[in-house]
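Visitor: Task: produce atomic coordinates for the following.
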Amino acid sequence: MAVEQRKGAATLRGHEFTVLGKELKVGDDAPDFTLVGAGNSVVNLRDTAGKVRIISTVASLDTAVCSTETRKWESQRADLGDIEMLTISMDLPPAQARWRAEHGVGHWVLSSHKNEQFATDYGVLIQELRFLQRAVFVVDKNNRIAYIEYVTEIPSEPDYDKAIAAAKKAASA
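Guide: Numbering: from 1, shown residues only. Predicted structure coming up:
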C-alpha cells in the first residue's frame with residue numbers, strides 16, 4: 001500500500017517539504033508502535049495502556065527549538081499527575097541518552113530511527129530530511145486520539161497549553 005504524501009505539510013522559511021503518512025484525526029485509534037528507548041529497550045504504546053499520554057514528536061533533540069520544547073514538556077510533568085509524557089525523534093538512542101542526562105529529562109524519550117513505521121503511521125515523516133515533523137498527540141486511556149497539533153513551520157513551538165488542557169480533560173473523563 002502506498003504511503004500518502006502531503007506536499008507542503010512542513011515548511012522552513014518558505015521552503016516546502018513533503019510529509020509522509022496520513023494525518024490522524026481526533027477520535028482515531030492511536031496506532032501502536034515499537035520504538036527504541038533507554039538502554040536499547042523496546043517500547044510500545046501499549047506499555048502505557050490505561051493512561052493518558054502526551055506524545056511529542058521533534059526533529060532532533062540537538063536543535064534549539066526541539067531541545068527547548070522537550071525541556072518545557074519536562075517542566076510540566078510534575079503538574080500532570082498520572083499523564084505519561086513521551087518525546088519521539090529520529091535521533092539515535094545513545095544521542096538521546098546523552099541529551100537526557102545533560103538536560104535532566106526524566107520522561108520517555110524514544111527513537112524511531114530504526115524503523116519509519118511510527119513516523120508514517122502518525123503522519124510525521126519529513127521525506128526530504130528523514131526527520132519527524134513537530135507534532136503533539138494526546139492519546140486517551142482507551143488509545144484514542146483526543147487532541148492533535150501538526151506544527152507546519154519547522155522551527156515553531158506547539159501550543160503547550162492546549163495540549164495540556166486536552167490531556168487533563170482526557171484524564172478526568
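Visitor: burial of His113, as a residue count?
Guide: 17 (other C-beta atoms under 10 Å). For glycine as for every other residue, the C-beta is placed from the backbone atoms N, C-alpha and C.
Visitor: which one is it nearest to, not counting chain neighbours?
Guide: Nearest non-adjacent residue to His113, counting by C-beta to C-beta, 6 or more residues apart in numbering: Met90, 4.9 Å away.
Visitor: buried ones in the longest strand along the chain?
Guide: In the chain, assigned by DSSP state E, the strand with the most residues is strand 5-12. Buried residues in strand 5-12, defined by neighbour count with 16 or more other C-beta atoms under 10 Å: 6, 9-10.
Visitor: List the contacts of the residue nearest to His113.
Guide: Shown in contact with Met90 (C-beta atoms under 8 Å, 6 or more residues apart in numbering): 59-60, 111-113, 119, 130-132.
Visitor: For Phe17, report the pLDDT, please.
Guide: For Phe17, the model assigns a pLDDT of 98.
Visitor: tell me which element it falls in.
Guide: strand 15-20 (DSSP states H and E).
Visitor: With His113 instead?
Guide: Going by DSSP H and E, His113 is not in any helix or strand.
Visitor: May I have the phi/psi pair for it?
Guide: phi -60, psi -40 (degrees, to the nearest 10).
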